[in-house]
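K.L.:
3D model of this:
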Amino acid sequence: MNERPRKSTTPVDDNASALKLRSLQTRFLHNHHDNIYTKEALQLNANLIEANPEFMTAWNCRELAFQHSQSAADSDRIQAIIDEELRAVEIALRKNFKSYGAWHHRKWVISKGNLKKWMGWVMGLGQDGPI
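P.N.:
Now for the predicted structure:
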């Protein structure tokens with residue numbers, strides 16, 4: 001784990017990626033300040049996290065969106081939201097395995113879900129599930 005490089009080894013056009021990141025951040029912050037938690041806003045948030053897994057405000061916004069949608073959802077919908085959150089975490093960890101924000105969010109999301117399902121999956125009893 002300590003031997004994993006933090007930066008991507010693929011060549012990147014820094015100017016283009018910086019402009020893309022700035023655009024994502026601007027749109028994300030607009031949604032965050034206006035408390036917009038639509039599916040499109042969460043997809044924008046996921047794109048931002050994929051581009052920069054260290055952006056803690058984006059992780060905190062996902063927690064707020066989870067709490068907002070949890071209040072008006074049934075147990076099946078909550079489980080679907082948890083699965084979506086864990087997919088976003090998985091994508092971020094593939095980008096940067098050492099992302100503290102991603103690991104913290106994963107722990108937080110799992111604490112909100114069905115622990116029996118996750119413990120069964122961890123112990124090898126379940127057949128499917130995110131990382």
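
K.L.:
And the helix or strand harbouring Asp83, how far out from the chain middle?
P.N.:
Asp83 is part of helix 75-95 when elements are defined by DSSP states H and E. Centroid displacement of helix 75-95 relative to its chain, using C-alpha atoms, centre = their mean, to the nearest Å, is 7 Å.

K.L.:
buried ones in it?
P.N.:
By neighbour count on 16 or more other C-beta atoms under 10 Å, the buried set for helix 75-95 is Ile78, Ile81, Ile82, Glu84, Glu85, Leu86, Ala88, Val89, Ala92, Leu93, Lys95. For every residue, glycine as well, the C-beta is placed using N, CA and C.

K.L.:
Helix, strand, or coil at Ala72?
P.N.:
Using DSSP: H, G, I helix; E, B strand; the rest coil, the structure places Ala72 in coil.

K.L.:
picking up where we left off before, what's next to the helix holding Asp83, contact-wise?
P.N.:
For helix 75-95, the external contacting residues (C-beta atoms under 8 Å, 6 or more residues apart in numbering) are 8, 42, 45-46, 49-50, 53, 62, 66, 69-70, 73, 99, 101-103, 105-106, 109-110, 112-114, 129-131.

K.L.:
what residues are up against Glu54?
P.N.:
Neighbours of Glu54 in contact, by C-beta under 8 Å, 6+ apart: Asn96, Ser99, Tyr100, Gly101.

K.L.:
Sweet, I'm off.
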